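# The following block contains a protein sequence and its predicted model.
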Amino acid sequence: MQDTDTLNAVIRQHSEWLATQLHAQRENLFPPDAAKTMRKFTSGEAASLLGVNDSYLRKLHLDGKGPSPQLTPGNRRQYSAEDIQALRVLLQQTARKPGDYLPGRREGDHMQVIGVMNFKGGSGKTTTAAHLAQRLALKGFRVLAIDLDPQASLTALHGVQPEIDLPDGGTLYDAIRYEAPCPITEIIRPTYIPNLDIIPGNLELMEFEHETPRALAQGGAGLFFFRVREALAQVEDRYDVVVIDCPPQLGFLTMSALSASTGVLVTIHPEMLDVMSMSQFLRMTADLMDVIAESGADLSHDWMRYLLTRFEPTDAPQNRIAAFLRTMYGDKVLNATQLKSTAISDAGLTKQTLYEVERSAFTRSTYDRAIESLNAVNDEIAALIQTTWGRG
């Protein structure tokens, strides 16, 4: 590389090198067609997801009811995610009340749209969105995950490499652009997890940030902040919950996602600089929402919560900040915290969530501590959803 090379040429070359290496890594991790699959679950994990005893699952198996689990060489039962969903349907047929095993919407319930946001990097936003979407799907909700972040980390976690797999679009931008938007159904992709679909993201999403000011100047943008809401209305009957991983800035994409959301989850890393950043984020958000509300928009939300992420219980300064936030915001701060864990970060190295990796890949205590933390967070949010539907 010559010193006379222009910066844009160097950046482009480095980008192409990195994309090639990432694609090669994915091919190596997920041969032969680079498609991800979900791991099998132990009978104990399956029982926990279904809310029944392991002995009851064993009885169903012995009675020949429901899908037949795979038997390991040690004669232990393992269930696929598809098996667990089939068992949900079977168990619901004889359940005492609706929703015991299929917890999604019923007649009169509105689709929940959860915007996961913060404009400071490193707050655990994408980690939170990915694990929330997957946990809700595994618990029986019909979930659509939307990657609205041009950096597309949520997309990569679900086995899609933006540079390679999305050469001709395929992001939410296609459904919210000002000229010839496509139906949102054309960009929804199924994932390897039952009940979970995804709309991937890539740098193309930035076009919305660039085009909206021009459209506003020409008087053609209209109520731009309703574009995400209007796109989601096309599939309102297909999903119980939509989880949106918002961009880490307060731009037009974030404002449109915020206008579509029924619930808002703000991730906070309990360090002083992050809390100071969040203060500015909240102030700017309030100002922007005032402007949108003045245009006649209804910006009422069912709930808003703060989630403490990458939390270290033995860190005294973090504990002080956590106590400060709980004193100030009360029950607006989730009781559960997302603990800092090497298990979560190590899983990310192979583009996986903690729900996808095998427990045997970590020491038992490390894995159990991390998974219990994630489950507590996601199940608290699931309970919020049920409360919103009048089933608290």
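Structure received.

# Tell me which residues touch the residue positioned nearest the centre of the chain, please.
By CA atoms, centre = their mean, the chain has its centre lying nearest to Ala129, at 2.6 Å. The contact partners of Ala129, taken as CB atoms under 8 Å, 6 or more residues apart in numbering, are 116, 145, 154, 243-245. To be clear about C-beta, it is placed using only N, CA and C from the backbone, and glycine gets the same treatment.

# switch the cut-off to 7 Å
For Ala129, the contact set (CB atoms under 7 Å, 6 or more residues apart in numbering) comprises 116, 145, 154, 243, 245.

# Could I get the average pLDDT for stretch 65-73?
Average pLDDT, stretch 65-73: 92.

# chain center to it: distance?
30 Å (CA atoms, centre = their mean, to the nearest Å).

# can you list contacts of the helix or strand that contains Thr327?
Counting by DSSP states H and E, the element that carries Thr327 is helix 316-329. Residues external to helix 316-329 that are found in contact with it (CB under 7 Å, 6+ apart): 268, 270-272, 275, 306, 308, 311-312, 333.

# Lowest-confidence entry in the residues you listed?
Within those, pLDDT is lowest for Val275, at 83.

# how about the nearest residue to that one, chain neighbours excluded?
Ile321 (6.0 Å; CB to CB, 6 or more residues apart in numbering).

# That neighbour: how many residues sit nearby?
20 (other CB atoms under 10 Å).

# Could you report the distance from it to Met278?
11 Å (CB to CB, to the nearest Å).

# same deal with Ser261?
For Ser261 relative to Met278 (CB to CB), the value is 18 Å.

# Neighbour count: the two, which is higher?
Ser261 (26 against 20).

# can you list the domains in the chain?
41-93, 112-388 (automatic domain parsing).

# Just name the most buried of those.
domain 112-388 (a mean of 19; mean count of other CB atoms under 10 Å).

# and the nearest residue to Leu102 once chain neighbours are set aside, what element?
Leaving aside its sequence neighbours, Leu102 sits nearest to Gln92 (CB to CB, 6+ apart; 4.9 Å). Gln92 is part of helix 81-93 when elements are defined by DSSP H and E.

# Return the alpha-carbon coordinates of that helix using CSV.
Extracted C-alpha coordinates of helix 81-93, given in CSV (Å, rounded to 0.1, in the frame of the first residue of the first chain):
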residue,chain,number,x,y,z
ALA,A,81,-36.9,-26.2,18.7
GLU,A,82,-39.5,-27.6,16.3
ASP,A,83,-40.3,-30.4,18.6
ILE,A,84,-40.8,-28.0,21.5
GLN,A,85,-43.2,-25.9,19.4
ALA,A,86,-45.1,-29.1,18.4
LEU,A,87,-45.4,-30.0,22.1
ARG,A,88,-46.8,-26.5,22.8
VAL,A,89,-49.6,-27.1,20.4
LEU,A,90,-50.3,-30.5,21.8
LEU,A,91,-50.3,-29.4,25.4
GLN,A,92,-52.5,-26.4,24.7
GLN,A,93,-55.2,-28.7,23.3
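
# related to what we said a few turns ago, could you give me the average pLDDT of the helix or strand following the helix holding Thr327?
Using DSSP H and E, the next helix or strand after helix 316-329 towards the C-terminus is helix 342-349. In this model, helix 342-349 carries a mean pLDDT of 89.

# From the rest of the structure, what touches helix 342-349?
By CB under 7 Å, 6+ apart, helix 342-349 touches 127, 353-354, 357, 362, 366-367, 370.

# Sort these by pLDDT and name the bottom one.
Lowest pLDDT among these: Phe362, 90.

# Quick one: the helices in the stretch 151-300 of the chain, in order.
153-157, 162-165, 173-176, 206-217, 227-232, 252-260, 272-294 (DSSP state H, counting those that start in this stretch).

# Residues in contact with the longest helix belonging to the chain: which ones?
What stands out as the longest helix in the chain, according to DSSP state H, is helix 364-388. Helix 364-388 is touched from outside by 103, 112, 131-132, 135-136, 139, 241, 263, 302-303, 307, 334-339, 341-344, 354, 359, 392, with contacts defined as CB under 7 Å, 6+ apart.

# Could you list the residues in contact with stretch 249-264?
So stretch 249-264 is contacted by 110, 112-115, 117, 119, 148, 176, 205, 208-209, 212, 224-229, 232, 244, 246-247, 284-285, 288, 292, 297, 299, 301-304, 384 (CB under 7 Å, 6+ apart).

# now that stretch: mean pLDDT?
pLDDT averaged over stretch 249-264 gives 90.

# quick one on the thing from earlier: is it possible to export the domains of the chain to a markdown table including distance to Ala35?
Shown next, in a markdown table, are those (distance: least, CB to CB, whole Å):
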| stretch | distance to Ala35 |
| --- | --- |
| domain 41-93 | 15 |
| domain 112-388 | 7 |
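
# Check the ones you listed for me: which has the lowest mean pLDDT.
Sorting these by mean pLDDT places domain 112-388 lowest, at a mean of 91.

# ends of it, how far apart?
9 Å (CA to CA, to the nearest Å).

# Make residue 1 into 2 and carry on from there
Done: numbering now begins at 2, and the last item shifts to domain 113-389.
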